[in-house]
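J.: sequence unavailable; structure follows:
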């Protein structure tokens with residue numbers, strides 16, 4: 001996150017919840033990085049905004065919170081609201097997928113919002129064993145492949161995986 005080759009690093013966290021991962025990413029990134037934390041649930045978004053305010057400096061205007069519903073159309077609308085419709089260099093997500101029906105909308109969102117540079121990546125932590133989770137990792141990987149992504153497993157311990165997705169290159 002402190003790669004200085006990109007002087008205007010843009011970080012997006014999807015499904016931020018209370019913002020723990022996004023706040024950490026913001027703290028670890030360099031001073032020119034812009035971080036946007038998102039969630040689709042309006043009640044969660046209210047608490048997320050409080051957490052960001054309580055855990056950042058008052059003059060820190062390079063971190064913000066926005067609502068983002070998943071899916072191609074929602075992502076395109078979100079992108080049009082960005083300065084110069086600038087895409088994101090890093091997209092983060094943790095503990096996002098519990099039901100199969102959200103996998104495609106998640107990867108459509110990532111496909112629309114992730115920059116097309118070779119360094120751009122979607123980092124996702126997934127836990128298959130979580131109670132009530134009907135999603136196997138293979139389902140996620142198959143859909144990521146359909147949406148044009150390849151992956152590298154950064155961590156695989158028990159049923160917890162941290163994956164790095166990048167766009168497939170021709």
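T.: Alright, I've got the coordinates. Bear in mind the structure is a predicted one, so any value in this text is a computation, not a measurement. Residues are numbered from 1 along each chain as shown.

J.: check what pLDDT the closest residue to residue 62 other than its chain neighbours gets.
T.: The shortest distance from residue 62 to any non-neighbouring residue, by C-beta to C-beta, 6 or more residues apart in numbering, is to residue 34 (4.9 Å). C-beta coordinates here come from the backbone N, C-alpha and C atoms, glycine included. On the pLDDT scale, residue 34 is placed at 92.

J.: likewise residue 15?
T.: If you check residue 15, the pLDDT there is 97.

J.: residue 72 is in contact with residue 109, isn't it?
T.: Yes. Look at residue 72 against residue 109 with C-beta atoms under 8 Å: they come within range, at 7.4 Å.

J.: for these two, indicate the residue with more neighbours.
T.: Legend: neighbour count by other C-beta atoms under 10 Å for residue 72 and residue 109, higher for residue 109 (30 against 15).

J.: please report phi then psi for the more buried one.
T.: Phi and psi for residue 109, reported as degrees, to the nearest 10, are phi -60, psi -50.

J.: check contacts around residue 133.
T.: With contact set as C-beta atoms under 8 Å, 6 or more residues apart in numbering, residue 133 has these partners: 97-98, 127.

J.: mind checking the backbone torsions on the residue nearest to residue 62?
T.: The phi and psi values for residue 34, taken as degrees, to the nearest 10, are phi -110, psi 130.

J.: against residue 90, how distant is it?
T.: In this structure, residue 34 and residue 90 are 11 Å apart, going by C-beta to C-beta, to the nearest Å.

J.: with neighbour numbers in mind, choose between those two.
T.: Between residue 34 and residue 90, counting by other C-beta under 10 Å, residue 90 is the more crowded of the two (23 against 20).

J.: span of stretch 122-140 from start to end?
T.: Using C-alpha to C-alpha, to the nearest Å, the gap from the first to the last residue of stretch 122-140 comes to 13 Å.

J.: buried sites along it?
T.: Buried residues in stretch 122-140, counted by 16 or more other C-beta atoms under 10 Å: 122-128, 135, 137, 140.

J.: the residues you listed in helices, which ones?
T.: Using DSSP state H to define helices, the subset of the buried residues of stretch 122-140 located there is 137, 140.

J.: for residue 164, state which of the buried residues of stretch 122-140 is nearest.
T.: Of all those, residue 164 sits closest to residue 123, with 5.6 Å by C-beta to C-beta.
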